[in-house]
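Chemist: Provide a 3D model corresponding to the input given below.
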Amino acid sequence: MHHSIEVESLSFSYPDGHPALREVSLRLEPCEKVALVGPNGAGKSTLILHLNGILTGQGRVCVASLEVNKENMGRVRSRVGLVFQTPDDQLFSPTVYDDVAFGPLYQGLPPQEVEQRVSEALAAVHMSDYAGRVSHHLSMGEKKRIAIATVLSMQPEVLVLDEPTAGLDPRARRSLIHLLDELPSTMLVSTHDMLMVRELFPRTIIMDEGRIVADGVTEDLMNDPVLLEAHGLERP
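Modeler: Numbering: from 1, shown residues only. Sure thing, here's the model as predicted:
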C-alpha cells in the first residue's frame, strides 16, 4: 500500500536530553490534507523536520514510498516540499524567478524545463507577474506564496507547511487559505489557526509533549471541548 507519509515509532531527543518526540506513528494517504495542531513545544516542528531528513531520530520515516535515510536524501527532498514559517528562510536570490528556479537548477534540469517549472509554479500561486520582482520587497503574504512556489517548482508529491498563516493580515490569510484549498498535493500543515483547520482539513492530528494524543475527523475533535482544553487548544 502506497502512503504519502508513513511514520512509525519515531522518537527524538535534543542534545540537552529533552525528549521532543515519543513513539510518534502516523500515515497520510495520497492527496489527503491533514492539520497538525498542539501547544508550543508539542513537537510539531520537530516532526516536520524529520520528513525530509533535517533531523533524524529513532524509528522509521517514509515519504512517497522512500525511506528517509542518507542514501535517499536527494530524492526525498525533491518529493517533499517543506515550507518554513518564515519565508525569508527560503528566499535568498536576487529575483522571484531566481528563487523559484533554484531547486530545478540544482536538480540539473535543462533551461527550458526550468523555465516551464518556474512558470507553472508561479501560476499555481497566482504570482505570474512577479517573476522579475525582488523577493525582499514583497509583503508577507506575497513572500509566503513565493516560498510555496519555490517548493512547487520541484514538483513534490507532499507539501509540508509550518504555520502558513502566521503573521498575515486577514485578506492575505484568506487568500492563502484559498490557495491551499486549490493545490492538489498531499498536505501536512502545522498550525495554531484553528479556524483554518476547521475550514480546510477533514482530518486533524493533535500533538502534546511529543506524543500524538488524538487523530481523527476534524469536526469530531472540534466538538470535544474537554480534549481541546486538555491540550491547550481553543475551539474556533
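Chemist: where in the chain is pLDDT low?
Modeler: 1 (pLDDT under 70).
Chemist: where along this structure do the helices fall?
Modeler: Along the chain, the segments classed as helices by DSSP state H run 44-50, 73-79, 96-106, 111-124, 140-152, 170-182, 194-200, 218-222, 225-230.
Chemist: for the ones you listed, which one sits closest to Lys33?
Modeler: helix 194-200 (6.7 Å; Cβ to Cβ). Placement of C-beta: from N, CA and C, glycine included.
Chemist: List the buried residues of that closest one.
Modeler: Within helix 194-200, the residues scored as buried using 16 or more other Cβ atoms under 10 Å are Met194, Met196, Val197, Arg198, Leu200.
Chemist: Would you tell me which one of the residues you listed comes nearest to Gln58?
Modeler: So of the buried residues of helix 194-200, ranked by how close each gets to Gln58 (Cβ to Cβ), first place is Val197, at 29.3 Å.
Chemist: Quick one: residues contacting the closest residue to the closest one other than its chain neighbours.
Modeler: Closest residue in space to Val197, ignoring its immediate chain neighbours: Ala35 at 4.3 Å, by Cβ to Cβ, 6 or more residues apart in numbering. Listed by Cβ atoms under 8 Å, 6 or more residues apart in numbering, the contact set of Ala35 reads Val189, Ser190, Thr191, Met196, Val197, Leu200, Phe201, Arg203, Thr204, Ile205, Thr218.
Chemist: at 6 Å what do you get?
Modeler: Ala35 sits next to Val189, Val197, Phe201, Thr204 when contact means Cβ atoms under 6 Å, 6 or more residues apart in numbering.
Chemist: do Met127 as well
Modeler: Per Cβ under 6 Å, 6+ apart, neighbours of Met127: Arg145.
Chemist: again, only this time at 7 Å
Modeler: Counting by Cβ atoms under 7 Å, 6 or more residues apart in numbering, Met127 makes contact with Arg145, Ile146, Ala149.
Chemist: Any idea how many residues pack against the second one?
Modeler: Neighbouring residues of Ile146 were enumerated by other Cβ atoms under 10 Å; the total is 24.
Chemist: ok, so what distance separates the closest residue in space to it that isn't next to it in sequence from Ala42?
Modeler: Of all residues not flanking Ile146 in the chain, Val96 sits nearest, at 5.5 Å (Cβ to Cβ, 6+ apart). Distance of Val96 to Ala42, computed by Cβ to Cβ, to the nearest Å: 34 Å.
Chemist: ditto for Val76
Modeler: 24 Å.
Chemist: Just want to know which of these two has more residues nearby.
Modeler: In this view Val76 and Ala42 are compared by other Cβ under 10 Å, and Ala42 has more residues nearby, 25 against 22.
Chemist: Let me know whether that one touches Met207 as I believe.
Modeler: Yes - judged on Cβ atoms under 7 Å, Ala42 makes contact with Met207 at a distance of 4.2 Å.
Chemist: Let's see stretch 64-75 as CSV, backbone CA atoms only.
Modeler: Output in CSV follows, covering the C-alpha atoms of stretch 64-75 (Å, rounded to 0.1, in the frame of the first residue of the first chain):
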residue,chain,number,x,y,z
ALA,A,64,6.4,9.0,-1.2
SER,A,65,7.5,5.3,-0.7
LEU,A,66,11.1,6.3,0.0
GLU,A,67,12.7,5.6,3.4
VAL,A,68,14.2,8.9,4.8
ASN,A,69,17.9,7.9,5.1
LYS,A,70,21.3,9.2,3.8
GLU,A,71,21.1,7.1,0.6
ASN,A,72,17.7,8.5,-0.4
MET,A,73,18.1,12.1,0.9
GLY,A,74,18.3,13.8,-2.5
ARG,A,75,15.3,12.0,-3.9
